[in-house]
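Participant: just need the structure, nothing else, for what follows:
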Amino acid sequence: MTNDTIDAGKFGSKEIASAAIEIALTKDRASEKQLQSEYNKIGIRTAAVDYGGEFITSVMKIIERAVVSSKREGVIIDNHVEEGAVAGATREALSQIMPKALGLNVGGKIGVARYKNHISVAVFFGIGLLHLNEVSIGLGHRVV
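Facilitator: Numbering: from 1, shown residues only. The predicted structure follows:
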């Protein structure tokens, strides 16, 4: 995140999508929490959660983790409209990586970002078997 690219108070869907991708790309919990703190200072709420498993049987679990982590970190409140927005954006992000992931394992991180009514979810996964991985990012956006 650079101050040149993000002007406080002028965040739209592009900036929030960028924040979701950036939080999903963090290497470890320490860098994730640091970035989360920086975004929080400028009014962007974020959450991230790791995930790994077989893709087809994991879709619902990935959506659940995105919703639960969003509630836990205060990105959304506990109501069906905001939960549905995160679930829908996560499903959209997953549909973008589905052609590569069907029948294979995925592992990586789910990133969620919100500013006012913009919510974006990014999934950053390694896809494959053993060390023979493809890398993919899926992105979904909703307005609440």
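
Participant: Arg142 should be in a helix, yeah?
Facilitator: No. Under DSSP: H, G, I helix; E, B strand; the rest coil, Arg142 sits outside any helix and is assigned strand.

Participant: and the pLDDT for the residue lying closest to it once chain neighbours are set aside?
Facilitator: Nearest non-adjacent residue to Arg142, counting by C-beta to C-beta, 6 or more residues apart in numbering: Ala85, 4.0 Å away. All C-beta atoms are positioned from the backbone trio N, CA, C, and that covers glycine. According to the prediction, Ala85 has pLDDT 98.

Participant: from the chain's centroid, how far away is stretch 20-35?
Facilitator: 10 Å (C-alpha atoms, centre = their mean, to the nearest Å).

Participant: list the buried residues for it?
Facilitator: 20-26, 32, 35 (16 or more other C-beta atoms under 10 Å).

Participant: wait, which of these is closest to Leu94?
Facilitator: Nearest to Leu94, judged by C-beta to C-beta, of the buried residues of stretch 20-35 is Ala24 at 12.9 Å.

Participant: for Ala87, see how far away the closest one is.
Facilitator: 17 Å (C-beta to C-beta, to the nearest Å).

Participant: who are the neighbours in contact with Tyr39?
Facilitator: Contacts for Tyr39 (C-beta atoms under 8 Å, 6 or more residues apart in numbering) come out as 1, 19, 23, 45-46, 113.

Participant: give the buried residues for the one helix or strand Glu83 maps to.
Facilitator: Using DSSP states H and E, Glu83 maps to helix 80-101. Under the neighbour-count criterion of 16+ other C-beta under 10 Å, helix 80-101 has 82-83, 85-94, 97, 100-101 buried.

Participant: in helices, which of the buried residues of stretch 20-35 fall?
Facilitator: Here DSSP state H is the test, and the buried residues of stretch 20-35 give 20-24, 32, 35 as lying in helices.

Participant: tell me the bridge partners for the residue positioned nearest the centre of the chain.
Facilitator: Residue closest to the average C-alpha location in the chain (C-alpha atoms, centre = their mean): Gly111, at 2.3 Å. Gly111 has these beta-bridge partners by DSSP bridges: Ala48, Ala122.
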